[in-house]
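1. Sequence first, then the predicted structure:
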Amino acid sequence: MSWTSDAEIDDGPHTIGRWLVDSAARSPERVAIDDRGVTTDYATLAARSLALADGLRDAGYGPGDRVATVSGNSTDHVVAFFACAIAGIAFVPLSWRLTPRELSDVLTRSDPSLVLVEDEYEALAGEALRRSDRMPRAAVLGTTGVETAVPRAPRPGTWRPVRDDDPLLIIFTSGSEAAPKGVVLTHANCFWNNLALAQALPLTQDDVVLAMLPQFHVAAWNCQPLLAWWTGATVVLERSFQPARILQLIADRHVTAMMGVPTQYAMLAADGDTTAADTSSLRLALVGGATMPVELQRAWTERGVPLTQGYGLTEAGPNVLHLPAAEAADAPGAVGRPYPHVSVRVVDPGTGLPLDGPATGELWVRGPSVFAGFLGDEAATSRALSDGWLRTGDLVSRDAGGVYRIVDRLKDIYISGGENVAPAEVEYALCLHPLVEAAAVVGVPDEVWGERGIAFVVRSPGAALSADELLAHARRNLAAFKIPVHVEFVDELPRSTIEKLARSRLGERARALRAHSDPREQAETRSPSRGES
């Protein structure tokens, strides 16, 4: 496919589409993507993206439209992302880990004008679309699909330049409520997020970035890959997490930078081939999703690859805090200091007043990378933001040196293998069973996954329902990473004096159950596959 270096982007100065065009103009023959051994240079990536952007515009799509995708990590998916960025269309990557019911729900909530599907997920997407209240246009990703013919837009719009405040990414994330919410990140949000990353943890053209996080996560774009394409580096796309294969990729591709969650780094360290694998090329290994255990940091440091701890949340772009690897030994359990261009404060949860000096309270975040709001949910946006400050729902402590540690979560969500799990969503799915009267789910610590869910369930009077039957039912309605690891049947759920569910009491009971559970259950270490994590 031809590429012309005089291609111009006459859009806002902080729009992301220009990054690819600029990199292609500087280094057209450099490898932009290594996708399972098939390489794509910057000239080809830019040419395909510009051509698809033109096709989308010609078909009537533009600013104000949303394009949803169901795809694994792939070059075709990256082409679709940059095409949407160039055309001013919001890109909505949806999780292939969801069940048809869950995917149908987020399709309804996102209300896309067009859905692009990788052929591997056509059955999943097709079933979800049939269940959806809306029936958007749909096409297959790639050069033989949407890049050949774009379905006409249902409501053709008029073309205009892309603005900095146009939505770029809409990422659905589980919060403290039952229904997933779409986090709207603008071009400017992503620009400032990556600028902060570039200043704190820079990449160069010579870097090779391993991108193994699924591209329906914000970190799969804004934690190294987009910065790599802005810089002109190479991104190695990996579709699944298999420890032995990841270690081999690091050695074979001479990977210099990567991002993962503690569960993944723990599995890599525990893999039998770890000691033999050559990871000497790695210079920047970023950890997010949870605080890494001290033992994990020590294990990687002994291999010559100290880990850099990060903290963030989708609504913040996601990068908020980071702890350089060189400081980790002196600050065990810490998540660091703010990135450039990010302001944070510690707030008293009771009064809402900021606390000075060493303090413990809720972390609030402000800056140009903080999201524009939740898609179609002004009430939730208002609850999350206060005068431009994002309430994270995380309880933190700040020491005299300005270093932060995560103490607890004020919200009920727990993080399993790097994935947010909203108890309310799991409880709703359990209560869909006709023999369940009530359910409550809490997260408990897990050596491998970080946290796992324990479900407390009240059966209907006289019902004969086993844990296996209930979990089998749950698997039809929930992604695998949301399935509780244990079900405990109870006569009633504990309540406070005002009839509010007493989650803290359930948490204590859940931790006791976990401590005395079958050791074989505690030792579950199945690698996250493409259908679970």
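-> On my side now, so go ahead.

2. which residues in the stretch 1-150 of the chain form helices?
-> All helices of the stretch 1-150 of the chain, identified by DSSP state H, counting those that start in this stretch, fall at 17-26, 42-58, 75-87, 100-110, 122-131.

3. Could you list the buried residues of stretch 151-166?
-> 151, 153, 162, 164, 166 (16 or more other CB atoms under 10 Å). In this view, the C-beta of every residue, glycine as well, is placed from N, C-alpha and C.

4. from those residues, which two are the most distant?
-> 151 and 164 (28.7 Å; CB to CB).

5. tell me the most buried of the helices of the stretch 1-150 of the chain?
-> Mean neighbours per residue, mean count of other CB atoms under 10 Å, is largest over the helices of the stretch 1-150 of the chain for helix 75-87, with a mean of 26.

6. Now render the buried residues of stretch 151-166 as a markdown table, adding distance to residue 65, pLDDT and secondary structure.
-> Output for these, formatted as a markdown table (distance: CB to CB, whole Å; pLDDT from 0 to 100; DSSP: H, G, I helix; E, B strand; the rest coil):
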| residue | distance to residue 65 | pLDDT | secondary structure |
| --- | --- | --- | --- |
| 151 | 12 | 96 | coil |
| 153 | 7 | 93 | coil |
| 162 | 12 | 97 | coil |
| 164 | 18 | 98 | coil |
| 166 | 11 | 98 | coil |
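
7. Kindly indicate which of those lies nearest residue 390.
-> The closest of the buried residues of stretch 151-166, once distances to residue 390 are taken by CB to CB, is residue 164, at 19.2 Å.

8. For residue 16, see how far away that closest one is.
-> Going from residue 164 to residue 16 by CB to CB, to the nearest Å gives 10 Å.

9. How about residue 465?
-> From residue 465 across to residue 16, the span is 50 Å (CB to CB).

10. ok, the nearest residue to residue 157 once chain neighbours are set aside - how many residues close by?
-> Spatially, and ignoring its direct neighbours in sequence, residue 157 is nearest to residue 62 (4.7 Å; CB to CB, 6 or more residues apart in numbering). For residue 62, the neighbour count with other CB atoms under 10 Å is 21.

11. which outside residues touch the host helix or strand of residue 393?
-> Using DSSP states H and E, residue 393 maps to strand 389-398. With contacts defined as CB atoms under 8 Å, 6 or more residues apart in numbering, strand 389-398 is touched by 176, 313, 315-316, 320, 335, 345-347, 349, 357-366, 370-371, 383-385, 404-411, 413.

12. Test for you: state the pLDDT assigned to the most centrally placed residue in the chain.
-> Centroid-nearest residue in the chain: residue 217, 2.5 Å away (criterion: CA atoms, centre = their mean). Looking at residue 217, its pLDDT is 95.

13. Settle this for me: it is touching residue 174, isn't it.
-> No: the criterion here is CB atoms under 8 Å, and residue 217 misses it with residue 174 at 11.9 Å.

14. if we can go back for a sec, residue 15 versus the residue nearest to residue 157, what's the distance?
-> Taken as CB to CB, the spacing of residue 62 relative to residue 15 amounts to 14 Å.

15. for residue 472, same thing?
-> 48 Å.

16. thinking residue 262 is in contact with residue 285, fair?
-> No: the pair residue 262 / residue 285 is not scored as a contact, 11.5 Å apart, by CB under 8 Å.

17. What does residue 180 show for phi and psi?
-> Main-chain torsions, residue 180, degrees, to the nearest 10: phi -60, psi 150.

18. Secondary structure element for the closest residue to it other than its chain neighbours, which one?
-> Nearest residue to residue 180, sequence neighbours excluded (CB to CB, 6+ apart): residue 172, at 4.5 Å. Applying DSSP H and E as the criterion places residue 172 in strand 167-173.

19. same check, this time on residue 513
-> Counting by DSSP H and E, residue 513 is found in helix 503-515.

20. What are the contacting residues of that helix?
-> Residues from elsewhere that reach helix 503-515, judged by CB under 8 Å, 6+ apart: 412, 423, 440, 442, 444-446, 452, 454, 456, 486, 488, 493-494, 522.

21. Can you flag the buried ones in these?
-> Listed as buried from those are 412, 423, 440, 442, 444, 446, 452, 454, 456, 486, 493; burial here means 16+ other CB under 10 Å.

22. Sort those by pLDDT and name the bottom one.
-> Lowest in pLDDT among the buried ones among the contacts of helix 503-515 is residue 412, which has 81.

23. residues touching that residue, list them.
-> Here residue 412 is in contact with 176, 422, 423, 424, 442, 503 (CB under 8 Å, 6+ apart).

24. The residue nearest to residue 157 contacts residue 84, correct?
-> No: at 10.2 Å, residue 62 does not count as touching residue 84 under the criterion of CB under 8 Å.

25. which neighbours do those two share?
-> residue 56.
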